[in-house]
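1. give the three-dimensional model of this entry:
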Amino acid sequence: MRTSLPRDVLEEPEVEGTPEAGAAVYPAGPKPVAGVLEKWVNFGKGWRQRWFVLERGLLSYYKLSGPDKVSIAEERLRHAALHILGKEAHKDVHEARKSGLGGNGTPPRPLGSVHMMLASIRESAADEKKFYVHTGTKTLHLRAQSREDRALWVQQLREAKALFMDQRGLLPPAGTPLQDSLAEMLEKLRVVLAGSVEQGKMDAVEELVKEEAGVWQGRLQAEREKRRMLLEYVRTLEADKVELETAVLDHEEERVQGVRATHGGEDADSEDDDDAGGKDDVGNDSDADDLDDTSHDKFFDAADDFVATDKVRKSLSRKNLPQMLEEAPTGGSGHPSPGGGRSGKVVRRTQLPMPVQEEKSASLWSIIKDNVGKDLQKVCLPVYFNEPISALQKCCEDLEYTELLDRAYEAGRAGDPLTRVLNVAAFAVSGYAATEGRTRKPFNPLLGETYEAERPEQGIKFISEKVSHHPTIVACHCSGRGWRFYGDSNVKSKFWGRSIQVDPVGILTLEFDDGEVYQWSKVTTSIYNLIIGKLYADHYGTMRIQGNGELSAKVKFKEQSIMDRNPHQVRGVVTNRAGVKLATIFGKWDDALYFVEGDPHEKKLETLSTSQLLWQRAPPPEPADRYGLSRFAITLNEITPGLQEKLPPTDGRLRPDQRALENGEYDVANSEKLRLEQKQRAARKMQEGGWKPRWFTPDERSGTFLYQGGYWESREKGDWQGCRDIYGL
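-> Just a heads-up that it's a prediction; the model follows:
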């Protein structure tokens, strides 16, 4: 958080002849202006009309209804020179004169006031009638009756601010009281000492005093210049902040209007003091949430209430119950789909082993402050910041919901390309489901480390390998029922003081046996509140799923904001080559996805009841895992009976520090992690000396590491020649 500047830095020094401390200094300026503007109150009340008066640099606003309402007629009489802004305001004044609308004759009490010296004025880019007045502690959302009225108000506010700053000034005028008092003191001293001190000595003393005063005057001037530069810097920061807030507010109000339309505007008749709830004046979304790069479509936030409403959930469940029971995937974590398994079903564990030792705490701040701006992959962290799976196993975790790919394959065979691309998009999103509540770092694999997963209940064979140490690149390949999934990822991670940002670099490819191919890249992930507050992870950005078929999908992960009451929203559209929108996807990446066919902008909010469930997250383990792992992730590092004899010496399940952490042997885990990292320092020399991955090779055209085959054949024979003992066991 930005530290507030001391008041004595921002305030003018008190000098003789200025108003008493605490008194406001307002330039006379032009005659006061007034008019009717709509002000955003809160989510329940929405926009309400208020009477605004700008006088002597102070913007005040009053109610137009209720017991504390302002009397426009009396205000017009009280301010004879009052200039009315806006056509609608002129009408209100005219009606007030005719009807004699008046109060009790006493000056009204304003709901709030804002001084223009401290304010920043910003016009909305999305709405030609809206503008904002930022004070640093709150924001007034205002809306004029027309574009012309907004221009008049913004002009008046900015002129008031400029006039105030010009008359107030940042530095005292040339003839300051300090200089005047020095001249007066020297003159009095001459009178007192006249006749008793030689003129030469008196001139010498006067010269000495003037010289010393000049030194201090120079120092004072230098301090004033420093202060001026500091204030300019603060104003630059404020302008940047205001620009961001303006974009946030524009989109938030559009979103709220959609929500209010759905709920029918409850609390519409309430007329409480709208200045008490200043926090409602802050929005939380960004104009960057537009899904299409070239359009200004709103984020499809109807899902905010739809996904979280039990009533709608139940209606959906009743409507689509047979289809959901038959098709909705629940993951392969010990819960195979009906008819999806093979003979010889593997019984997998449902919990991690109980820890042997009590976990110790570590100072994250002491690590962060020494590593701000560095590559996270190069920072040595104790095992307390790790979870007991590796980055290779994290790649496999993305394949928890392979039933979606099975369904996509069958849909394509049946001549249904829309269902295919919908399920592919759902699969691309589902890989993020297990990250909710997970804030620890997976183990960075050693160069040449591998991981395999043969899961008959899902019908998949998965292999991954760390193929490069600098930069860190892991490659994977998975074969399923009629499809192949492969890719590599170069993860770039950095500390930013209060957060960690992870930017995946690489392309994921899905190939079906019928020749259709889809490709996409992952979105950005950040972990927040490293210093203060609860740690949480968020994913944001646009994922484009494209291929050689007629249809493609674009999925937008909405970035979570501080005040977001319904986070983790995603929205996507399926289009054909002509750009026609065929379906809309919406939901939450940690919960469920739904879809409706057709263009969302041609459908009203009420039609969302026709949505169909596309994917739903599998339930978490009970009791909850201490690392926040899903049921599927708990099984990734497990060595099932008869498996160890088949594994190569490079498999991640055999890594001693990761195994020790899983067992809760923290001292052993830390010592082994240190040993392996020292051993790993030779990996760069190996890579520079011409070392090559065992199971993957880079494609000459794209540079992507592709599976070259042979792993499962070697496993069948038990022949692991060419696989080094990277753990030194």
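2. three-state assignment of the residue lying closest to Leu643 once chain neighbours are set aside?
-> Once flanking residues are discounted, Leu643 sits nearest to Arg653: 7.9 Å by Cβ to Cβ, 6 or more residues apart in numbering. In short, each C-beta sits where N, CA and C put it, glycine included. For Arg653, the secondary structure call by DSSP: H, G, I helix; E, B strand; the rest coil comes out as helix.
3. pretty sure Arg653 contacts Thr640?
-> No. Arg653 is beyond contact range of Thr640, at 9.9 Å (criterion: Cβ atoms under 8 Å).
4. domain-wise, how is the protein divided?
-> By the assignment in automatic domain parsing, the chain contains the domains 1-173+237-289, 297-717.
5. just the strands in the stretch 451-600 of the chain please.
-> 460-468, 473-479, 483-495, 499-505, 508-512, 517-520, 524-528, 536-547, 551-557, 569-576, 581-588, 592-597 (DSSP state E, counting those that start in this stretch).
6. export these to TSV and tack on mean neighbour count, mean pLDDT and distance to Glu148?
-> TSV is the format used below for these (neighbours: other Cβ atoms under 10 Å; pLDDT from 0 to 100; distance: least, Cβ to Cβ, whole Å):
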stretch	mean neighbour count	mean pLDDT	distance to Glu148
strand 460-468	23	96	61
strand 473-479	24	96	58
strand 483-495	20	87	48
strand 499-505	17	86	44
strand 508-512	21	97	52
strand 517-520	20	97	47
strand 524-528	18	89	42
strand 536-547	18	93	37
strand 551-557	23	96	35
strand 569-576	22	95	36
strand 581-588	23	94	36
strand 592-597	22	94	40
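7. just tell me which of these ends up closest to Gln612.
-> The closest of the strands of the stretch 451-600 of the chain to Gln612 is strand 592-597. By Cβ to Cβ, the value is 6.0 Å.
8. give me the neighbour count for Glu187.
-> Glu187 has 10 neighbours, counted by other Cβ atoms under 10 Å.
9. ah, wrong one, I meant Pro649
-> Neighbours of Pro649 under the rule other Cβ under 10 Å: 14.
10. list the contacts for it?
-> By Cβ atoms under 8 Å, 6 or more residues apart in numbering, Pro649 lies in contact with 720, 723-727, 729.
11. state the pLDDT value of it.
-> At Pro649, the pLDDT value in this model is 95.
12. again with Gly412
-> 96.
13. wait, what's in contact with it?
-> Counting by Cβ under 8 Å, 6+ apart, Gly412 touches 420, 512, 514, 516.
14. tell me which element it falls in.
-> Assigned by DSSP states H and E, Gly412 belongs to helix 403-413.
15. could you do Val421 as well?
-> For Val421, the host element (DSSP H and E) is helix 417-430.
16. which other residues reach that helix?
-> The contact list for helix 417-430, computed with Cβ under 8 Å, 6+ apart, reads 398, 400-402, 404-405, 407-409, 411-412, 508, 510, 516, 518, 520, 543, 545, 549-553, 555, 570, 572, 574, 582-583, 585, 589, 593, 595, 597, 614-615, 617.
17. show me what contacts the closest residue to Thr650 other than its chain neighbours?
-> Among residues not flanking Thr650 along the chain, Thr450 sits closest, at 4.5 Å (Cβ to Cβ, 6+ apart). Shown in contact with Thr450 (Cβ under 8 Å, 6+ apart): 392, 463-466, 648, 650-652, 694-695, 723.
18. possible to save these as CSV with distance to Gln145?
-> As requested, those are exported to CSV (distance: Cβ to Cβ, whole Å):
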residue, distance to Gln145
Leu392, 62
Ile463, 66
Ser464, 62
Glu465, 66
Lys466, 64
Pro648, 74
Thr650, 72
Asp651, 70
Gly652, 66
Arg694, 72
Trp695, 69
Cys723, 76
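19. the residue nearest to Leu643: how many residues sit nearby?
-> 20.
20. also the one 5 residues further on?
-> Using other Cβ under 10 Å, the number of residues around Gln658 comes to 26.
21. distance check, it against Gly214.
-> Counting by Cβ to Cβ, to the nearest Å, the gap from Gln658 to Gly214 is 71 Å.
22. quick check: which element contains Ala633?
-> Taking DSSP H and E as the criterion, Ala633 maps to helix 631-634.
23. for that helix, packing partners?
-> For helix 631-634, the packing partners by 3 or more Cβ pairs under 8 Å, 6 or more residues apart in numbering; DSSP states H and E come out as helix 391-397.
24. can you list contacts of the helix it packs on?
-> Contact with helix 391-397 is made by 389, 431, 434, 442-445, 449-451, 453, 462, 464-466, 472, 474, 476, 478, 489, 491, 630, 632-633, 636-637, 652, as judged by Cβ under 8 Å, 6+ apart.
25. out of the contacts of Thr450, who's nearest Lys45?
-> Distances from Lys45 to the contacts of Thr450, taken by Cβ to Cβ, are shortest for Leu392, at 53.5 Å.
26. if anything else comes up later, I'll come back, but that's it for now.
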